[in-house]
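**Student:** coordinates only, sequence not included:
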């Protein structure tokens with residue numbers, strides 16, 4: 001929801017030439033940080049998890065989850081930036097980007 005909701009809320013500030021203001025990304029990155037810290041805390045302090053996960057195995061699970069979270073956000077911001085352009089091709093591209101985002 002945050003990956004899509006934040007770019008939608010900030011769509012009015014998006015510019016075809018400059019994208020989003022850097023400040024527009026702060027709510028997402030704050031939420032991303034809090035979510036990942038909460039995940040780590042649950043893993044560390046959950047008494048029902050038995051045994052230890054090797055660092056390599058943990059990173060094989062944790063890093064892709066971070067990348068997936070970020071990918072959803074960057075895709076949603078790209079759609080809003082393309083949609084902010086006046087060029088008909090960019091508008092058409094934004095519609096196709098949104099369609100594949102929803103389908104995929």
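**Tutor:** Great, that's in hand. Quick caveat: nothing in here was measured; it's all calculated off a predicted structure.

**Student:** residue closest to the middle of the protein?
**Tutor:** For the chain, the residue nearest the mean C-alpha position is residue 73 (2.4 Å; Cα atoms, centre = their mean).

**Student:** so what's that one closest to, chain neighbours aside?
**Tutor:** The shortest distance from residue 73 to any non-neighbouring residue, by Cβ to Cβ, 6 or more residues apart in numbering, is to residue 3 (4.3 Å). Where you see a C-beta, it was placed from the backbone N, CA and C, and this is true even at glycine.

**Student:** what is the one helix or strand the one you found maps to packed up against?
**Tutor:** If you go by DSSP states H and E, residue 3 is part of helix 2-9. Under the contact definition 3 or more Cβ pairs under 8 Å, 6 or more residues apart in numbering; DSSP states H and E, helix 2-9 sits against helix 26-45, helix 55-83.

**Student:** any idea how far residue 69 is from residue 87?
**Tutor:** Here residue 69 is placed at a distance of 30 Å from residue 87 (Cβ to Cβ, to the nearest Å).

**Student:** these two: which has the busier surroundings?
**Tutor:** Counted by other Cβ atoms under 10 Å, residue 69 and residue 87 do not tie: residue 69 has more neighbours, with 16 against 10.
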